[in-house]
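Enquirer: Here's a sequence, model it:
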Amino acid sequence: MLLQDDGVILSGRSKLEEQKQEGDDDDNRDDHDDDRVDTRSAPIDVNLSLPLKFQQKIIQDLIQNDGLLVLGKGLGLETITANLLHVLGAPTTLINTKRNNKNSKRSLVILLNAYESENEKISQELLELSWLDSFEDLNLNESNSTKNPFVVVGGENVTVDKRGKIYQKGGIISVRSRVFVVDLLSGIIDPNLITGIVLLHAERISETSNESFILTLYRENNGWGFIKALSDQPESFNIGFQPLYNKLKDLKLNKVFLWPRFHIDVTSSLLPKTQNNKVSKKDTRNIVIEINVKMTESMKQIQIAILACIDACISEIRRHNPTLSTEYWTSENALDDEFVRVIRGSLDPVWHRVSWTTKQLVYDLTTLKDLLFKLLSLDSIKFYEFIFQIVESNKPSVNVSKLNQSPWLMLDEATTIITYAKQRVFQVIKEKQKETDKIESTYLLEEQPKWEQLALLLDDINQERQLIDNLELGPVLIMCSSNTVCRQLRTYLTKMKENISDDGHGNKSYSGRKMMIQRIKEYLDWKRAVSKINKSVHQQTIINQQRQQNKKEEELITSKTFTRGKAPPGKRRRTRGNAAVASVNRLHRADLAKENEDIDLVLLDRLDGEIIEVDFDKSQHETEDYDDIVVTGSKVTTWDYDYIDRKDQIIIEAFNNNTDDILLQEIMPSYIIMYEPDLSFIRRVEVYQAVNKDRPAKTFFMYYGNSVEEQKHLNNIRKEKESFTKLIREKGKLANTFSAEEDNKKFQNIRKDQVYNTRIAGGSTFKDPNKETRVIVDMREFSGSSLPNLLHRIGIRVFPCMLTVGDYIISPKICIERKSIPDLISSFKSGRLYQQCEQMFRHYELPTLLIEFEENKSFSLDPFSELRTRLTNNFSGKGTSDPITSKLLQQDIQSKLIMLLLAFPKLKIIWSSSPYQTAQIILELKAKQDEPDPSIAVSVGLDDHDDAVDGPPQYNDAAIDLIQNIPGINNVNYHLIIRKIRNIRELVNMPEEELGEIIGKEAARKATNFFVKNCLKD
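Expert: Residues are numbered from 1 along each chain as shown. Next up, the predicted model:
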């Protein structure tokens, strides 16, 4: 294939066309050799919307070869995906050289793993590309029906028959993995009809995922179709040993295409240079202007203190778990988004064995990281409110014991954080009044330094616009991290006050005093509400403390790390754990003990006077530069409709990787202000500038100098570069892999011949491992379990059905209800588990409850009992769990299991540590059992009278329990009796021949002998 600069593919043949022709030649041959049809596929002419060279080369690589594409963040993966689907989904024209006619054949391309927003975006781009093809189609008589549509299959909303018709029509179909794997197993879609599969988010694929299951089923029955996998998360491909090799193995691929930002083709496409290797004057708007904003002294001290607390927590975790700690557990990596998750992943297998101090420190790391980034995003009042919540949540109360208090609050740095956070709001300063020239006291109410810099930048942009006077100027786009920051900036820009200095230079400054005064009032209202709640539970707290005085609690181990610099304890009588509580209580007494000391009523009245003064000044001298501000994604109660010219618009948006490039193309801004750094959006701006060379946007990049914000951005760039470097090295060492069809049907961990007895002698009922075995699986199991995939890998045929009773039917006698631990807890809470067990006992001889834990997780109920307590959060979002509460909840789960066994004594319970062990257990259980019948399994639990007008029948449970104790009648055949016999009297009086036609001759003979047998022995 050839690709022009304008993105139009001209005549050519790809590897895909050759593969498709090989499959089509056999379908178009007659029985006689003389009448054989010679068919060839015609060249495909399609249009693409890829103006950049590196994107065109990526499409060429993916069309010619199957492989995995790993692209740098923000380089247009969605656009590449849409254009790739447009090429691969183009209909193939088969030319009959002897008969001189043409036949158009549709392709069937499956798109997996696409989010809803991605489906909408891809659908729009495919529609635009199809319009381009229709516009340049010179054959006007050709029907538009050959154009492939883009269809999204949503699952339950689309029935089986509709899905089958959609597959038969062909085209590009986006379908959920859970739905598609069921369709493959059920035979709704023939794998040989699938032209190929395009897989998004390849970094999420694992050995046991549904996507890997689909690719296995596809390759077992279709060896000519293509598989394309795409991802823009290179960091995810550097976890574990040989991560790239293992990922390619799961994807059934052999090639990988790496396109980082430092690729020479990407660099040349995004940064065009002149002959002297310098940027031309016309490209000066492409230069990003960095605005380094300095933090205030209070913000610097708080940041240093938080980082010290994080370092102390990491040191303590390493000290408590020396055998589990890795080189990654350092304060330098603490700014990574996945840092806490990586630590928790290392501790999960032994979570039930680690100390409670370690668990608390892991939770505290999340709190401290959240606190660190809120320092730079929230205003000073909201930040102090968050600090207040954390301290309040660590006070001993009804829900919080001494063992649940955060150890980092005992550090001196914690006092520094609280002190400076309070000073940013309530520090009393002297301020000169304009009207009276008096110096009066007022609160500081410190503003974020970025606010004023943003206002000054907008003022400079406004002045620049007046000088340019270009009617084609677009709006100003401000991008930030979240909708909370969007609303914050909107409020500031609409309420800020402009001040002009009196030194004769006319220097401008901006103040958001009015907004801060409004925030302090909101804080006071919130604090009064909290005070009422605390008073209402005060007496209960005293009672709780009295009860715990005589109760022995697990001691909170406090390291010297958190008590350094403290005075040595005296010779007073000590109580366990009180040293930690005393340190926290000193903070309460010093800063937050007395509610009335925080606020001076006189100063508060002066703040109200400042609001009136600000409103008066604004009415006298109101600027209209920032009145027309649009904030998308925020909640607005009232709307004012008015026409706003494009060049006067200021649009504030939050970063969204799925819609950022569409946003840039739609509004076409002339000025872009990145209020906070985001690596993906920076790359999208580079792509936008490269595409729109005639109308580039002037870009500004704001960040706090010497802050964690700057450090995190630099770390993201460094880690992406290191990830690509590792992938490039591993790619160079990859060996050629050759696989056979038998490799897809084997699983290295579990084999049937290791379980089934091959020595059939002496009347043994063991099975032959070479014979087909099957398991009937409920369709709902494919959404959250990897067990069906593992069963297929070990050679068991999986039949997906909509089961009314049970989740897995492994034999006519054994029915298994699988429960994960969260599902088990919810089933106990709703009472659904009792109903499910009752249904299993009615229809199967061996009802079984399978309790399955997750792979690489603790084989214990401790983590789940802690999770239940932490779902009930207090003000700060911090959990309220402690060892005693966790043990009580764990005992609650165990007691409910005991109650279940008392209600169903014959219930079998199987504990499994992972899906791998579950597959081994099912294989062992099937060793001596017959194969289940899918039609019978589906009909179990359904009644012939379900369609009656009065609804489903109501059974007499007492009568059913009675007949189950009669010899010859058991859990398997009793439902045959209740369907044909109305009552027990009719059953007793029924002749043996008629009863034998219902339940069998032998069972009828036993039941009849029981009915006619005398109670007294002769």
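
Enquirer: Report the contact partners of the most centrally placed residue in the chain.
Expert: What sits nearest the mean C-alpha location of the chain, by CA atoms, centre = their mean, is residue 204, with 10.1 Å. Listed by CB atoms under 8 Å, 6 or more residues apart in numbering, the contact set of residue 204 reads 113, 211, 236. The C-beta positions use only the backbone N, C-alpha and C, and glycine is treated the same way.

Enquirer: check contacts around the last one.
Expert: The contact partners of residue 236, by CB under 8 Å, 6+ apart, come to 203, 204.

Enquirer: how close does it sit to residue 220?
Expert: Separation of residue 236 from residue 220 (CB to CB, to the nearest Å) stands at 27 Å.

Enquirer: cool, and the second one?
Expert: Residue 211 sits 15 Å away from residue 220, taking CB to CB as the criterion.

Enquirer: For the host helix or strand of residue 318, name the packing helices and strands.
Expert: Element membership of residue 318 [criterion: DSSP states H and E] is helix 297-320. Under the contact criterion of 3 or more CB pairs under 8 Å, 6 or more residues apart in numbering; DSSP states H and E, helix 297-320 touches helix 356-377, helix 412-426.

Enquirer: Of all those helices, which one is nearest residue 976?
Expert: Residue 976 sits nearest to helix 356-377 of all the helices and strands packed on helix 297-320, at 54.2 Å, using CB to CB.

Enquirer: got the buried residues for that closest one?
Expert: Buried residues in helix 356-377, counted by 16 or more other CB atoms under 10 Å: 356-365, 367-369, 371-373, 375-377.

Enquirer: Ok, stretch 68-88 next?
Expert: 68-88.

Enquirer: okay, now the domains of this structure?
Expert: Here the domain parsing of the chain from the TED database is 40-135+146-270, 295-430, 745-750+771-860+889-939, 957-1012.

Enquirer: could those domains be laid out in TSV, adding mean pLDDT and distance to residue 465?
Expert: Listed next are the domains of the chain as TSV, based on pLDDT from 0 to 100; distance: least, CB to CB, whole Å:
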stretch	mean pLDDT	distance to residue 465
domain 40-135+146-270	87	27
domain 295-430	89	29
domain 745-750+771-860+889-939	88	53
domain 957-1012	83	80
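
Enquirer: one step back: for the residue nearest to the centre of the chain, grab phi and psi.
Expert: For residue 204, the backbone dihedrals are phi -90, psi -10 (criterion: degrees, to the nearest 10).

Enquirer: now the one 3 residues further on
Expert: Taking degrees, to the nearest 10, you get phi -60, psi -30 for the backbone angles of residue 207.

Enquirer: okay, now it: neighbour count?
Expert: Residue 207 has 16 neighbours, counted by other CB atoms under 10 Å.

Enquirer: where does residue 498 fall, helix, sheet strand or coil?
Expert: At residue 498 the chain is in strand, as set by DSSP: H, G, I helix; E, B strand; the rest coil.

Enquirer: For residue 55, find the nearest of the helices and strands packed on helix 297-320.
Expert: helix 356-377 (33.7 Å).

Enquirer: which other helices and strands contact the closest one?
Expert: If you count contacts as 3+ CB pairs under 8 Å, 6+ apart, helix 356-377 packs onto helix 297-320, helix 339-347, helix 380-393, helix 708-733.

Enquirer: Redo those as a markdown table? Include distance to residue 329 and mean neighbour count.
Expert: Converted to a markdown table, these look like this (distance: least, CB to CB, whole Å; neighbours: other CB atoms under 10 Å):
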| stretch | distance to residue 329 | mean neighbour count |
| --- | --- | --- |
| helix 297-320 | 6 | 19 |
| helix 339-347 | 6 | 17 |
| helix 380-393 | 23 | 21 |
| helix 708-733 | 16 | 16 |
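
Enquirer: May I see those helices arranged in CSV, with distance to residue 670 as well?
Expert: Below are the helices and strands packed on helix 356-377 laid out as CSV (distance: least, CB to CB, whole Å):
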stretch, distance to residue 670
helix 297-320, 32
helix 339-347, 39
helix 380-393, 32
helix 708-733, 25
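
Enquirer: nearest to residue 169, of those?
Expert: Nearest of the helices and strands packed on helix 356-377 (CB to CB): helix 708-733, 39.0 Å.

Enquirer: The next helix or strand after that closest one pairs with which strands, and in what direction?
Expert: Downstream of helix 708-733, the next assigned helix or strand under DSSP H and E is strand 773-778. When sheet partners are counted by DSSP bridges, strand 773-778 sits next to strand 796-801 (parallel), strand 808-809 (antiparallel).

Enquirer: List the contacts of the first one.
Expert: It refers to strand 796-801. Here strand 796-801 makes contact (CB under 8 Å, 6+ apart) with 182, 185-186, 772-779, 782, 788, 791-792, 922-923, 926, 934, 937-938.

Enquirer: May I see the ChimeraX selection of the buried members of these?
Expert: Selecting the buried subset of the contacts of strand 796-801 in ChimeraX, with 16+ other CB under 10 Å as the burial test, is done by:
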select :182,185,773,774,775,776,777,778,779,782,788,791,792,922,923,926,937,938
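
Enquirer: can you pull the buried residues of stretch 114-129?
Expert: Buried residues in stretch 114-129, counted by 16+ other CB under 10 Å: 114, 118, 119, 121, 122, 123, 125, 126, 129.

Enquirer: before we move on, back to that, measure the residue nearest to the centre of the chain to residue 416 for me?
Expert: 41 Å.

Enquirer: Spatially, which residue comes closest to residue 173, not counting chain neighbours?
Expert: Nearest non-adjacent residue to residue 173, counting by CB to CB, 6 or more residues apart in numbering: residue 151, 4.9 Å away.

Enquirer: Mean confidence (pLDDT) on the helix or strand hosting residue 664, please.
Expert: Element membership of residue 664 [criterion: DSSP H and E] is helix 660-667. Here helix 660-667 scores 91 as its mean pLDDT.

Enquirer: what about residue 213, neighbour count?
Expert: Residue 213, neighbours per other CB under 10 Å, totals 24.

Enquirer: Just confirm it contacts residue 792, I think it does.
Expert: Yes - using CB atoms under 8 Å, residue 213 is in contact with residue 792, at 6.8 Å.

Enquirer: List phi and psi for residue 71.
Expert: phi -110, psi 150.

Enquirer: now it, which residues is it bridged with?
Expert: With DSSP bridges as the rule, residue 71 is bridged to residue 259.

Enquirer: how close does it sit to residue 683?
Expert: From residue 71 to residue 683 the distance is 10 Å (CB to CB).

Enquirer: before we move on, what about residue 131?
Expert: Taking CB to CB, one finds residue 131 at 28 Å from residue 683.

Enquirer: Comparing the two, which shows the higher neighbour count?
Expert: Set side by side, residue 131 and residue 683 show more neighbours around residue 683, with 22 against 12, by other CB under 10 Å.

Enquirer: which SS class is the residue nearest to residue 173?
Expert: Residue 151 ends up strand, using three-state DSSP.

Enquirer: who's in contact with it?
Expert: 166, 171, 172, 173, 174.

Enquirer: just these now: which is nearest residue 840?
Expert: Distances from residue 840 to the contacts of residue 151, taken by CB to CB, are shortest for residue 166, at 35.9 Å.

Enquirer: hang on, that closest one in a helix?
Expert: Yes - looking at residue 166 with three-state DSSP, it is inside a helix.

Enquirer: surely it meets residue 153?
Expert: Yes - taking CB under 8 Å as the definition, residue 166 is a contact partner of residue 153 at 6.6 Å.

Enquirer: what is in contact with the two at once?
Expert: Listed as contacting both residue 166 and residue 153 by CB under 8 Å, 6+ apart are residue 173.
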